[in-house]
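[1] Here is my input, please return the structure:
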Amino acid sequence: MDPREIVPVKLTFPQIREIADNFRNEYIFNYSIPVQIEHVIEATMGISIIPIKELHRECDMEGFISRDFKSIYVDESMYLDDRFYKRVRFTIAHEIGHLVLHRSTIDMVRFLSDDEWKHFRMNLQEEPLRWFESQASEFAGRLLVPYDQLLDSFKEARRVVMRRNAGWDAEKIEDEKMISEAAIIIAPDFDVSVSVIEKRLIKEMILEVFR
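    Purely as a prediction, here's the structure:
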């Protein structure tokens, strides 16, 4: 199939959140954080993680899921470098997002090899690619940073930020400052980057809970 013929289902963020929560209920047997994403996909789902040399440099991809959905390939240098540990965790969750959200679309296309599948992925048109990637990223964010746990962590982080900045007067702290400082405190709890927490706080509208 020509990559130009692929049209992804345009799911809303609330739909993706619901799908991610259903996935959690099926495959993650407790709600502790951080989510042990590698254990979940290898031990529970039977999907292997396979490092590939120069994947990012040669293909401009940090990871992709195999055409038979049994392996997730990741850039070897990033996988073996602790500096990219959180980034690789998100990449793995992102590829599971493709499996869960886009399998029916992927199944429409037949590939003879993973190289052919990789070439197809690299040549998708900008519009469908943007939808595929944004949906998979939303799934990954929701999976690694569950709403209830994020809300609990933010409650404590908010108190810390308020003490540091305004003597417990939340009205004096701008939203952007609250988000950025709280994200730094929260991120280690979930084993994700600060930018992932910032995006979750915004998309989940966590600050609105405290208005």
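[2] Count residues in the vicinity of residue 32, would you?
    Residues lying near residue 32 (other C-beta atoms under 10 Å) number 9. Every residue, glycine included, has its C-beta placed from N, CA and C.
[3] quick one: it from residue 100, how far?
    21 Å (C-beta to C-beta, to the nearest Å).
[4] so residue 46, which of the three states?
    coil (DSSP: H, G, I helix; E, B strand; the rest coil).
[5] same thing with residue 67?
    Going by three-state DSSP: residue 67 is coil.
[6] State the distance from it to residue 33.
    Taking C-beta to C-beta, one finds residue 67 at 32 Å from residue 33.
[7] Isn't residue 142 up against residue 17?
    Yes. Counting by C-beta atoms under 8 Å, residue 142 touches residue 17, with 5.1 Å between them.
[8] and those two? which has more neighbours close in?
    residue 142 (25 against 20).
[9] so which strand or helix has that one?
    Assessed by DSSP states H and E, residue 142 sits inside helix 126-144.
[10] what's that helix in contact with?
    Contact with helix 126-144 is made by 6-8, 10-11, 13, 16-17, 19-21, 23-24, 34-35, 37, 89-90, 93-98, 100-102, 124, 190-192, 196, 199-200, 203, as judged by C-beta atoms under 8 Å, 6 or more residues apart in numbering.
[11] Likewise for stretch 52-60?
    61, 62, 63, 73, 74, 75, 76, 77, 78, 118, 122.
[12] ranges for the strands of this structure?
    Using DSSP state E, the strands found in the chain span residues 48-52, 63-65, 71-75.
[13] Please identify which of those strands is closest to residue 209.
    strand 63-65 (33.5 Å; C-beta to C-beta).
[14] Could you check how far the closest one is from the centre of its chain?
    Distance, stretch centre to chain centre, for strand 63-65: 13 Å (C-alpha atoms, centre = their mean, to the nearest Å).
[15] Could you do stretch 39-58 as well?
    Computed by C-alpha atoms, centre = their mean, the chain-centroid distance of stretch 39-58 equals 15 Å.
[16] From start to finish, how long is that stretch in a straight line?
    28 Å (C-alpha to C-alpha, to the nearest Å).
[17] Would you indicate which residues of it are buried?
    Using 16 or more other C-beta atoms under 10 Å as the test for burial, stretch 39-58 gives 40, 41, 45, 47, 49, 52, 55, 56.
[18] where does the chain dip in pLDDT?
    Along the chain, segments meeting pLDDT under 70 span 1-8, 108-114, 116-125, 166-172.
[19] ok, for residue 180, nearest residue in space, not its chain neighbours?
    Sequence neighbours aside, residue 198 is the residue nearest to residue 180 in space, at 6.6 Å (criterion: C-beta to C-beta, 6 or more residues apart in numbering).
[20] Am I right that that neighbour is in contact with residue 177?
    No. Under the criterion of C-beta under 8 Å, residue 198 makes no contact with residue 177, lying 11.6 Å away.
[21] neighbours of the nearest residue to residue 35 once chain neighbours are set aside, just the number please.
    Once flanking residues are discounted, residue 35 sits nearest to residue 144: 5.3 Å by C-beta to C-beta, 6+ apart. Look at residue 144: counted by other C-beta under 10 Å, it has 24 neighbours.
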